[in-house]
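Asker: Mind folding the following:
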Amino acid sequence: MVGVILNLSIWFALHTLFRKTVPVHAFPLNFDRPVLTSVDIPALVLAIAAATAIFALSWAC
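Answerer: Here you go, the predicted structure:
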C-alpha cells in the first residue's frame with residue numbers, strides 16, 4: 001500500500017512541476033522522464049515554499 005501511495009505522489013509531482021514528459025521504455029522499467037525546459041515556475045516556487053513551511057518551520061501537524 002505504501003508503494004502505491006509513493007508512486008502516485010511521484011507521478012502527481014512530476015506532472016505538476018513539468019508541463020511535458022517523455023515516456024521511457026527501458027526493458028524492466030517504464031517511466032516518464034521530465035523535459036527540464038518545461039518546468040512550471042509558479043508550481044515550483046509554491047512547492048518549495050510548502051516544503052520550507054513543513055520541514056524548516058515545523059508547521060506539520
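Asker: from the chain's centre, how far out does stretch 11-30 sit?
Answerer: Offset of stretch 11-30 from its chain centre (Cα atoms, centre = their mean, to the nearest Å): 10 Å.
Asker: Report the buried residues of that stretch.
Answerer: Within stretch 11-30, the residues that qualify as buried are 17-18, counting by 16 or more other Cβ atoms under 10 Å. (Each C-beta comes from the backbone N, C-alpha and C, glycine too.)
Asker: Please work out which residues outside it touch it.
Answerer: 31-36, 38-40, 43-44, 47 (Cβ atoms under 8 Å, 6 or more residues apart in numbering).
Asker: Just name the closest of those residues to Ala53, please.
Answerer: Nearest to Ala53 among these, counting by Cβ to Cβ, is Ala47 at 10.8 Å.
Asker: circling back to that earlier point, save the contacts of stretch 11-30 as CSV, and put in distance to Met1 and neighbour count too.
Answerer: Below are the contacts of stretch 11-30 laid out as CSV (distance: Cβ to Cβ, whole Å; neighbours: other Cβ atoms under 10 Å):
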residue, distance to Met1, neighbour count
Phe31, 21, 13
Asp32, 22, 15
Arg33, 26, 12
Pro34, 26, 16
Val35, 31, 12
Leu36, 32, 8
Ser38, 32, 11
Val39, 31, 13
Asp40, 30, 14
Ala43, 27, 14
Leu44, 29, 13
Ala47, 25, 14
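Asker: In strands, which of the residues you listed appear?
Answerer: Judged by DSSP state E, those include 31-34 as members of strands.
Asker: centroid residue for this structure?
Answerer: Ala13 (2.4 Å; Cα atoms, centre = their mean).
Asker: SS state for that residue?
Answerer: helix (DSSP: H, G, I helix; E, B strand; the rest coil).
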